[in-house]
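*Asks:* Coordinates for the following, if possible.
(chains A and B)
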Amino acid sequence: MRLLRWFLGLLFIAAFLYGNFFYYQGIIFYKLINVILFCSLFVLFRVLFGPSPADRIIAVDILGILIIGLLALLGLVHQQSFFMDIGLIWALMSFIASLAFAKILERRDLDD
Amino acid sequence: MTREFIGMIFIVLGITFDFFGVLGLVRLPDVYNRLQAATKCVTFGSAGVLFGVFIIQGFNNFGFKVLLGIVFIFLTSPVAAHAIARAAHRSGIPLTKETVVDQYQEDKELKD
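*Replies:* Next comes the predicted model:
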């Protein structure tokens, strides 16, 4: 069972890498953006099936960090600087949300 | 041309770090191990991507926004990770079976 799960995971990752870098015909920035989107698919797996609440909080935090890198690349492709404004605001909101969730998990009041 | 080449090297290295950090987030057995792997996404993952974009863009408004993003991520992400780990330990989420030492628990027992 354990070996089967290993094999399925490796097959999934290898199929994605082959399809992204050899089959998909796009510029190199779009291929790199696809890698980040694939990573956020794994993070969403951890958000959905995390065994404990702390797992979900960590996963949401890391999702925000990944989205900031994606927005910087997207701004580099389109030569528009307002994508990075969205990234900065996303970082701020993600930080405050992580702290608030941590306090709720610790069962303390928010103004403590 | 040289600047774009160096920037692309930083971007590809950052996306590789992102990928392996997210792989650790899925594979490792425990909340604390997952947090330790997932914070690697921040320090060289997305910050490497942002630094590569900064090298490519230079000192215009997009470059300064990206630099602000790097400083903000470096300041806020360890604070959020520390708060989540502390809250998870205090709310009693169990450690994995292979744990050797838990000094925070010993310290709390010593204080009581």
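*Asks:* Could you pull up phi and psi at residue A:47?
*Replies:* Here is the backbone geometry of residue A:47 (degrees, to the nearest 10): phi -70, psi -40.
*Asks:* doesn't residue A:59 make contact with it?
*Replies:* Yes - with contact defined as Cβ atoms under 8 Å, residue A:47 and residue A:59 form a contacting pair (4.5 Å). All C-beta spots, glycine's among them, are computed from the backbone N, C-alpha and C.
*Asks:* Looking at those two, which is more packed in?
*Replies:* Shown here are residue A:47 and residue A:59; by other Cβ atoms under 10 Å in any protein chain shown, residue A:59 has more neighbours (23 against 17).
*Asks:* do the helix or strand hosting that one and chain B meet?
*Replies:* With elements taken from DSSP states H and E, the one containing residue A:59 is helix A:53-78. Yes - using Cβ under 8 Å from any Cβ of the partner chain, helix A:53-78 reaches chain B at A:54-55, A:57-59, A:61-62, A:65-66, A:68-69, A:72-73, A:75-76.
*Asks:* Name the residues of that helix that are buried.
*Replies:* Neighbour counts over helix A:53-78 (16 or more other Cβ atoms under 10 Å in any protein chain shown) mark A:53-76 as buried.
*Asks:* what mean pLDDT does that helix have?
*Replies:* On average, the pLDDT along helix A:53-78 is 90.
*Asks:* Now do the contacts for the nearest residue to residue B:56 once chain neighbours are set aside.
*Replies:* Of all residues not flanking residue B:56 in the chain, residue B:7 sits nearest, at 3.8 Å (Cβ to Cβ, 6 or more residues apart in numbering or on different chains). Contacts for residue B:7 (Cβ atoms under 8 Å, 6 or more residues apart in numbering or on different chains) come out as B:52, B:53, B:54, B:55, B:56.
*Asks:* Residue B:52 reaches residue B:10, doesn't it?
*Replies:* Yes - between residue B:52 and residue B:10 there is a contact under Cβ under 8 Å: 3.3 Å.
*Asks:* From the neighbour counts alone, determine which of those two ranks first.
*Replies:* Higher neighbour count among residue B:52 and residue B:10: residue B:52, with 26 against 20, using other Cβ under 10 Å.
*Asks:* Mind pulling the model confidence for residue A:39?
*Replies:* Taking residue A:39 on its own, its pLDDT is 89.
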